[in-house]
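Enquirer: okay, predicted coordinates and the sequence, questions at the end:
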Amino acid sequence: MGEEISNKQVILSNYVKTSVNESDMSLRTSKIQLKIPSGCDGAVLVKNIYLSIDPFILALMKNQELDLPSFMLDSGETVYVSAASGAVGQLVGQFAKIAGCYVVGSAGSKEKSAFALMKVDLLKNKFGFDEAFNYKEEQDYNAALKRYFPDGIDIYFDNMGGKMLEAVLNNMRLNGCVALCGMISQYNNLEQPEGVHNLINAIVKRVHIAEGIESAPGALSGLYSGRNVGKLLVVVARE
């Protein structure tokens, strides 16, 4: 039957119209069985350790559309999108083309494979990118970017991080813009992540920690009244 454990949940108990208060939420405790359904060989049971408390949560509680951060695109600007064949990248490139930009995208698959050729072809012939390349064929990202952007990059939409981000920063134009969206080059590289070496390295950051799922309502309401300093996290479990 599996181990029986006590499960705690924070439930929204009142409809939020303006600001959110602790009284709008309640804590519910229930018993659940920890078991993997039959037929799911190799399944993994995941345990939440941290809960991120972010400003956009209020929009979800009020059932509103999210006002996502954006940047302005001007006709004639040069735009580079990495991992551009993904769900986000392909849209970013098309929006940039609609705005009249010169757009280059990169996609990744095994060197010179049919799948890689298909991705690059889609970017150019389906999504309308001006140029596209398979980054896994490139030995020198700096050289590749200079080939497509001889006068530099105005806007970079980053889905990769790591060495690609570092190479892009070497090729950015003055007053350029970098939108950080993902870091797919690092998702399977947790033991020795690649850092970016050409950024300011004397940056100090602070994390505000609230202890236990019981503290989530107070942490969330405190976020909107300025009671936190830095990134706000709730520690759900210590192990």
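Expert: Thanks, I have it.
Enquirer: in the longest helix that the chain contains, which residues are buried?
Expert: In the chain, with assignment by DSSP state H, the single longest helix is helix 87-98. Neighbour-count burial for helix 87-98 flags Gly89, Gln90, Val92, Gly93, Gln94, Ala96, Lys97 (criterion: 16 or more other C-beta atoms under 10 Å). (C-beta placed from N, C-alpha, C; glycine too.)
Enquirer: which one of those is nearest Lys62?
Expert: Distance to Lys62 across the buried residues of helix 87-98 (C-beta to C-beta) is lowest for Val92, with 27.2 Å.
Enquirer: quick check: what element follows the least confident helix or strand in the chain by mean pLDDT along the chain?
Expert: Taking mean pLDDT, DSSP states H and E as the measure, the chain has helix 57-61 as its least confident helix or strand, at a mean of 77. Sequence-wise, the next helix or strand downstream of helix 57-61 (DSSP states H and E) is strand 78-81.
Enquirer: mind giving me the packing neighbours of that next one?
Expert: Using 3 or more C-beta pairs under 8 Å, 6 or more residues apart in numbering; DSSP states H and E, the elements in contact with strand 78-81 are helix 87-98, strand 102-107, strand 153-158.
Enquirer: could you pull out the helices for this protein?
Expert: Applying DSSP H to the chain gives helices spanning 57-61, 87-98, 114-121, 141-148, 162-170, 216-223.
Enquirer: pull the CA atoms of the first one into CSV?
Expert: The C-alpha coordinates for helix 57-61 follow below in CSV (Å, rounded to 0.1, in the frame of the first residue of the first chain):
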residue,chain,number,x,y,z
ILE,A,57,1.4,34.7,-8.0
LEU,A,58,-1.0,37.5,-7.2
ALA,A,59,-2.1,37.7,-10.9
LEU,A,60,-2.9,33.9,-10.8
MET,A,61,-4.9,34.3,-7.6
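Enquirer: buried residues in it?
Expert: Neighbour counts over helix 57-61 (16+ other C-beta under 10 Å) mark Leu58, Met61 as buried.
Enquirer: report the distance from it to the chain centre.
Expert: 18 Å (C-alpha atoms, centre = their mean, to the nearest Å).
Enquirer: so the nearest residue to Lys124 once chain neighbours are set aside versus Val236, what's the distance?
Expert: The shortest distance from Lys124 to any non-neighbouring residue, by C-beta to C-beta, 6 or more residues apart in numbering, is to Ala132 (5.0 Å). In this view, Ala132 and Val236 are 42 Å apart by C-beta to C-beta, to the nearest Å.
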